[in-house]
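Next comes the sequence, and after it the predicted model I'd like to discuss.
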Amino acid sequence: MADTNRAVEKLQGKFEASILEVTQDRGDWIVTVKKEDIVAVLTFLKQECKFDMLTDVTAIDYLGKAADRFMMVYQLTSVSFKDRLRVKAPVSEANCVIGSATQVYGSAGWLEREVFDLFGIRFDKHPDLRRILMTPDWEGHPLRKDYPLQGPGREPYKGRLS
Amino acid sequence: MANNEIMTINMGPQHPSTHGVLRMVIELDGETILKIDPDIGYLHRGVEKLSEHRTYHQTLPLTDRLDYLAPMSNNLGYILAVEKLLGIDVPERAQTIRIIMTELTRLQSHLVWLACHALDIGAMTVFIYAFREREAIMETYELISGARMTSNFFRAGGLSQDVPAEFEKKVRDFIAEMPGFIDTYEGLLTGNPIWRKRTIGNGIISAEDATDIGITGPALRGSGVNFDLRRDIPYAGYENYTFEVPVGTECDTFDRYKCRLIEMRESCKIVTQAMERLKPGPVLADAPQVCYPAKDSVYNSIEGLIHHFKIASEGYPVPEGEVYMGIEAPKGELGFYLVSDGSSKPYRMRVRPPSFVNLQAIEKMAKGAMLADLVAIIGTLDIVLGEIDR
């Protein structure tokens, strides 16, 4: 396991004030930044650190477990350096909006639509923020922890009766 | 009708060339596509939500229903993520069988792609041949796991059981014949003037755009980007195998077709190498807290029965943490992002499906193309709606 990472060092030099945490989990490097700077951080990583592909955008709902309910997760891949980096940014429920990565990476378009659809996090300056998997008139956001597994207005599943 | 009238038409979800339930709203000027808006979600089953209410072991059967044309690749991606969280190592024999099966899965997936892609464009013979070869792979699936598609064969720590004695001969026979079959497909298509007219110059996407949109797998390599996770970020022991990574130059449907055919030949080579490495040995790690006990001990000892019951009823706790595991599935990078809170159920499981991200490129690739060419573009992206909608 490496002690340093080429991109994390650069990032710490440039965005010292906005980095909340740098950790390593089972060999994966994880950088948590303030959500206000997410677009600037991603732009820097793409242009200066050659993370040319935004592989995945998703979110985690830490309902009742963390001060800020949601955590945005960006998986970056560098085709030229053949390595990965994970960038995270906390988003609070009260102000459930974060800057859109579509200005930096084209792949963010649908991936952010999915996060909007299933978590209800809004993306500022997203060109086409609509639901993608659920129908347009769907109410609620299914991947939130307080959304029932069986869907709203239905008895919870109690197991097979026979 | 005025000359400049724009026509909006609907294609799908029940359309034979959309490979599932993909609906598209297309704006046409004559026969030229001005704008295309894919509408997905018809097959949404909430796999990510379901997994939060199931143990790690119970989540596994959900994964082979994602990309149902490549079940074992899905199993592998998930199991590797769980193993990375647990930090357990897999015995040599289990790892070799995993490689054999995922490469056969790649062949199977590419065979369905080739068959349907050619059928969409109008070459029916290839369809019949490719499905014949696919059948042999499905039989291998059935032989080792009992199921033709929903294999559910890998386990955290190894395999659910060892392969039967006839497995080796079946795979060897198949791999010996397969390159000849690929020659047949090439003979039917590569020089065929209709095939060339329909695919050369169709669905062009530059290397820069492809990387930006996040396209992965053969569709990315067809655009000239030399990136294959098996070689570049190796997993499951792929660093021990030698194989070529084909790369296209023209970024069109024909180059993606050539890339996939070469990939099939390379898969055969990997299977051949793996067959040589296949030695007798255990297929499950020595990790009793995670792995089911041997059936012999379950039936004949009280400790074994309790052990089996504990894992079946409660599952196994997974240490806290989060991992991302990306593998080179037949269609591109399949990623599993698992977050564990220390319990026996995933706190969050995110599936990063290759088809979902690849399909996004259709807006760019189809713009300005003829409506009839759209069918070839869908085919060349090689999408499967099961993993797009999850």
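Sure, I can see it.

The residue lying closest to residue B:361 once chain neighbours are set aside - how many residues pack around it?
Nearest residue to residue B:361 in three dimensions, chain neighbours excluded: residue B:213, at 4.8 Å (CB to CB, 6 or more residues apart in numbering or on different chains). Where you see a C-beta, it was placed from the backbone N, CA and C, and this is true even at glycine. Residue B:213 has 28 neighbouring residues, counting by other CB atoms under 10 Å in any protein chain shown.

Would you check that residue B:213 makes contact with residue A:106?
Yes - using CB atoms under 8 Å, residue B:213 makes contact with residue A:106 at a distance of 4.5 Å.

who touches both of those two?
Taking CB atoms under 8 Å, 6 or more residues apart in numbering or on different chains as the contact criterion, the residues that touch both residue B:213 and residue A:106 are residue B:360.

Could you report the distance from the residue of the stretch 1-150 of chain B found nearest chain A to residue B:276?
Closest approach between the stretch 1-150 of chain B and chain A, counting by CB to the nearest CB: residue B:41, at 4.0 Å. Distance check for residue B:41 against residue B:276: by CB to CB, to the nearest Å, it reads 45 Å.

The two - which one has more neighbours?
For residue B:41 and residue B:276, the more surrounded residue by other CB under 10 Å is residue B:41, and the numbers stand at 20 against 9.

and the closest residue to that one other than its chain neighbours, what is it in contact with?
Once flanking residues are discounted, residue B:41 sits nearest to residue A:133: 4.0 Å by CB to CB, 6+ apart. Shown here is residue A:133, whose contacts under the criterion CB under 8 Å, 6+ apart are A:114, A:117, A:118, B:40, B:41, B:44, B:389, B:390.

Pick out the residue of chain B closest to chain A.
Relative to chain A, the nearest point of chain B is residue B:214 (3.0 Å; CB to the nearest CB).

Burial check on that residue, number of neighbours?
Using other CB under 10 Å, the number of residues around residue B:214 comes to 30.

Was I right to think it contacts residue A:51?
No - counting by CB under 8 Å, residue B:214 sits too far from residue A:51 to count as a contact (11.8 Å).

where does the residue of chain A found nearest chain B land on pLDDT?
Closest residue of chain A to chain B, CB to the nearest CB: residue A:107 (3.0 Å). On pLDDT, residue A:107 comes in at 90.

Surely it is in contact with residue B:358?
No - under the criterion of CB under 8 Å, residue A:107 makes no contact with residue B:358, lying 9.9 Å away.

By residue count, what's the longest helix in chain B?
When secondary structure is assigned using DSSP state H, the longest helix within chain B turns out to be helix B:92-121.

Just want the angle from the following helix or strand past that helix to helix B:92-121.
Read in the C-terminal direction, the helix or strand following helix B:92-121 is helix B:124-145, with elements assigned using DSSP states H and E. Taking axes from the mean of the first three to the mean of the last three CA atoms, to 10 degrees, one finds helix B:124-145 and helix B:92-121 inclined to each other by 160 degrees.

Now for the residue nearest to residue B:361: which residues touch it?
With contacts defined as CB under 8 Å, 6+ apart, residue B:213 is in contact with A:106, A:107, B:205, B:357, B:360, B:361, B:364.

how about the residues of chain A that lie near chain B?
Within chain A, the positions lying close to chain B (CB under 8 Å from any CB of the partner chain) are A:25-26, A:28, A:30, A:52-56, A:58, A:60-61, A:65, A:73, A:75, A:77, A:79, A:82-84, A:86, A:105-107, A:109-111, A:114, A:118, A:132-135, A:142-143, A:147, A:149.

picking that back up, pLDDT added to the contacts of residue A:133, as CSV?
Shown next, in CSV, are the contacts of residue A:133 (pLDDT from 0 to 100):
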residue, pLDDT
A:114, 92
A:117, 92
A:118, 92
B:40, 90
B:41, 88
B:44, 90
B:389, 88
B:390, 85
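
Please, where are all the strands along chain B?
Per DSSP state E, chain B carries strands over the ranges B:7-11, B:23-29, B:32-39, B:154-155, B:158-159, B:321-329, B:332-340, B:348-352.

Which of the ones you listed sits closest to residue B:224?
strand B:332-340 (15.7 Å; CB to CB).

relative to strand B:321-329, how tilted is the closest one?
Using the same axes, to 10 degrees, strand B:332-340 lies at 160 degrees relative to strand B:321-329.

Mind giving me the packing neighbours of strand B:332-340?
Packing partners of strand B:332-340 (3 or more CB pairs under 8 Å, 6 or more residues apart in numbering or on different chains; DSSP states H and E): strand A:53-61, strand A:70-78, helix B:71-86, helix B:218-221, strand B:321-329, strand B:348-352, helix B:354-359.

who's in contact with the shortest one?
In other words, helix B:218-221. Outside of helix B:218-221, the residues within contact range by CB under 8 Å, 6+ apart are B:210-211, B:227-228, B:245-248, B:256, B:259-260, B:263, B:330-332, B:358, B:361, B:380-382.

quick one: buried residues of it?
Within helix B:218-221, the residues that qualify as buried are B:218, B:219, B:220, B:221, counting by 16 or more other CB atoms under 10 Å in any protein chain shown.

Could I get those in a markdown table, plus columns for distance to residue B:347?
A markdown table is the format used below for the buried residues of helix B:218-221 (distance: CB to CB, whole Å):
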| residue | distance to residue B:347 |
| --- | --- |
| B:218 | 34 |
| B:219 | 32 |
| B:220 | 31 |
| B:221 | 35 |
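
which stretches of the chain have low pLDDT?
As the question left the chain open, I've gone with chain A. For chain A, the stretches with pLDDT under 70 are A:1-3, A:160-162.

please go with chain B instead
Filtered on pLDDT under 70, chain B yields the residue ranges B:1-3.

give me that answer again for 50
Along chain B, the model assigns pLDDT under 50 to no residue.

residues in contact with residue B:253?
With contacts defined as CB under 8 Å, 6+ apart, residue B:253 is in contact with B:198, B:199, B:200, B:202, B:203, B:376, B:377, B:379, B:380.

now do residue B:26
The neighbours of residue B:26, taking CB under 8 Å, 6+ apart as the test, are B:8, B:9, B:10, B:11, B:33, B:35, B:36, B:37, B:371, B:374.

which one among those residues gets closest to residue B:48?
In terms of CB to CB, no member of those lies closer to residue B:48 than residue B:37, at 24.3 Å.

Now that closest one: closest residue in space, sequence neighbours ignored.
Nearest residue to residue B:37 in three dimensions, chain neighbours excluded: residue B:25, at 4.6 Å (CB to CB, 6+ apart).

List only buried entries from the contacts of helix B:218-221.
Buried subset of the contacts of helix B:218-221 (neighbour count, 16+ other CB under 10 Å): B:210-211, B:227-228, B:245-248, B:256, B:259-260, B:263, B:330-332, B:358, B:361, B:380-382.

Out of the helices and strands packed on strand B:332-340, indicate the one that is most buried.
Per-residue neighbour counts averaged over each of these give the maximum for helix B:218-221, namely a mean of 29 (mean count of other CB atoms under 10 Å in any protein chain shown).

Can you verify my assumption that residue A:88 contacts residue A:73?
Yes - taking CB under 8 Å as the definition, residue A:88 is a contact partner of residue A:73 at 5.3 Å.

Tell me the residues of the stretch 151-300 of chain B that contact chain A?
Proximity of the stretch 151-300 of chain B to chain A is confined to B:209, B:211, B:212, B:213, B:214, B:216, B:225, B:227, B:232, B:233 under the rule CB under 8 Å from any CB.

Filter these down to just the ones in helices.
Counting by DSSP H, the part of these found in helices is B:209, B:211, B:212, B:213, B:232.

Look up how far residue A:105 lies from the first one.
Spelled out, that is residue B:209. With distances taken as CB to CB, residue B:209 is found 12 Å from residue A:105.

just checking, residue B:125 touches residue B:185?
No - using CB under 8 Å, residue B:125 makes no contact with residue B:185, being 9.5 Å away.

list the buried ones in stretch B:192-200?
B:192, B:195, B:198, B:199.

Brilliant, that's me finished.
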